[in-house]
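Trainee: Take a look and give me a structure for this.
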Amino acid sequence: MGNKLYVGNLSFDIKQADLEQMFSQAGRVEEVVIIMDRETNRSKGFGFVTMGSDEDAKKAIAEFDGKDCSGRALKVNEARPREEGGDRRGGGGRGGFGGGGRR
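Mentor: Okay, the predicted model is just below:
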């Protein structure tokens, strides 16, 4: 098991410091990242917490998965490796001008 955790169903108002304080109850926290929307600069409602060890990560999952936080049940599990290439729809982008049509 890895020590990087996915944390989902976050309140849009939660700050990185709040998440760090919460997860530090389970062990040493190395890094906290809340994913932000580039256009609105608002939280997307999920993030990642890197714990100090695998044991701390297991403890955090046991303690916080399903826990109520600001009226929302957190989803905490081991983060999966990021997939490379393509886009979210599963296909590669065509890139460039889509064009077509009459002239």
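Trainee: how far does the strand or helix carrying residue 62 sit from the chain's center?
Mentor: Under the criterion of DSSP states H and E, residue 62 resides in helix 54-64. Helix 54-64 sits 16 Å away from the centroid of its parent chain (CA atoms, centre = their mean, to the nearest Å).
Trainee: Could you do stretch 16-36 as well?
Mentor: 11 Å.
Trainee: what do you get for stretch 12-21?
Mentor: 12 Å.
Trainee: Need the contact partners of that stretch.
Mentor: 7, 10, 29, 32-34, 42-43, 45, 47, 49, 69-70 (CB atoms under 8 Å, 6 or more residues apart in numbering). C-betas here are computed from N, CA, C, even on glycine.
Trainee: how about 7 Å then?
Mentor: 7, 29, 32, 34, 42-43, 45, 47, 49, 70 (CB atoms under 7 Å, 6 or more residues apart in numbering).
Trainee: Surely residue 26 is in contact with residue 59?
Mentor: Yes - applying CB atoms under 7 Å as the test, residue 26 and residue 59 come out as touching, 4.4 Å apart.
Trainee: Settle it for me: which of these two has more neighbours?
Mentor: Comparing residue 26 with residue 59 by other CB atoms under 10 Å, the one with more neighbours is residue 26, at 22 against 16.
Trainee: Strands of the chain, residue ranges please.
Mentor: Ranges of strands in the chain, per DSSP state E, are 4-8, 29-36, 43-51, 68-69, 72-73, 75-78.
Trainee: got these as a markdown table, with mean neighbour count, mean pLDDT and distance to residue 84 columns?
Mentor: Putting those into a markdown table (neighbours: other CB atoms under 10 Å; pLDDT from 0 to 100; distance: least, CB to CB, whole Å) gives the following:
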| stretch | mean neighbour count | mean pLDDT | distance to residue 84 |
| --- | --- | --- | --- |
| strand 4-8 | 20 | 97 | 17 |
| strand 29-36 | 15 | 97 | 18 |
| strand 43-51 | 19 | 97 | 17 |
| strand 68-69 | 12 | 94 | 31 |
| strand 72-73 | 13 | 96 | 31 |
| strand 75-78 | 16 | 97 | 19 |
